[in-house]
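S.K.: only geometry, no sequence info:
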């Protein structure tokens, strides 16, 4: 099982899957260091890597889980294509992420802060990558009854099954973002300020 997520979901997964069979991937050395300190995760394989360029062979894992990560991906379609590639035939991918808010002020901050995909986009990304039996379920607090006009930012889980061995049928060009290029200090400060404002 391949898990690309913050530390907390891993702890839940290893309650149901033998830790020896779990591979944890994150782009942040800090998050990986936190994972290594957790006793239940000691036997997991822990790797630093990019969700849009997974360091695994094709047909590597029987399950793929990504939680709380897609909103930071520069190109979500590329990340989902990679999820398809590394799964074995019949393997299932599960992606958990936020859903685009309905309230105008929430939408403004969502647009400037990070990626909040629409439900239709999640489904389209999975289907374009080649997944079959794509299903989306909304995630929210127990008191939530499906009315989104109040602007509450909700989440969803999307699952899909890989129907055939090999790489995704979707063809994409080279990656757009150059992570080696330094971030401009003013742009970083502005994004940080907007993020703090949106969070509060």
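M.R.: On my side now, so go ahead. Please read all numbers here as calculations on a predicted model, not as lab measurements.

S.K.: List the contacts of the longest strand that the chain contains.
M.R.: When the chain is parsed with DSSP state E, its longest strand is strand 87-98. Residues from elsewhere that reach strand 87-98 (C-beta atoms under 8 Å, 6 or more residues apart in numbering): 5, 9, 59-71, 80, 83-84, 110, 116-117, 122, 126, 131, 139, 153-165. Yep, even glycine has a C-beta here, placed from its N, CA and C like the rest.

S.K.: quick one, longest helix in the chain?
M.R.: What stands out as the longest helix in the chain, according to DSSP state H, is helix 185-199.

S.K.: how far out from the middle of the chain is it?
M.R.: 22 Å (C-alpha atoms, centre = their mean, to the nearest Å).

S.K.: surely residue 175 meets residue 77?
M.R.: No. Using C-beta atoms under 8 Å, residue 175 makes no contact with residue 77, being 11.5 Å away.

S.K.: neighbour count winner among these two?
M.R.: Neighbour count, other C-beta atoms under 10 Å: between residue 175 and residue 77, residue 77 has more, with 18 against 13.

S.K.: My reading is that the more buried one lies in a helix. Confirm?
M.R.: Yes. Residue 77 forms part of a helix when assessed by DSSP: H, G, I helix; E, B strand; the rest coil.

S.K.: ok, and for stretch 80-88, which residues are buried?
M.R.: Within stretch 80-88, the residues scored as buried using 16 or more other C-beta atoms under 10 Å are 80-87.

S.K.: How about the contacts made by residue 158?
M.R.: Going by C-beta under 8 Å, 6+ apart, residue 158 touches 94-97, 122-123, 126, 134-136.
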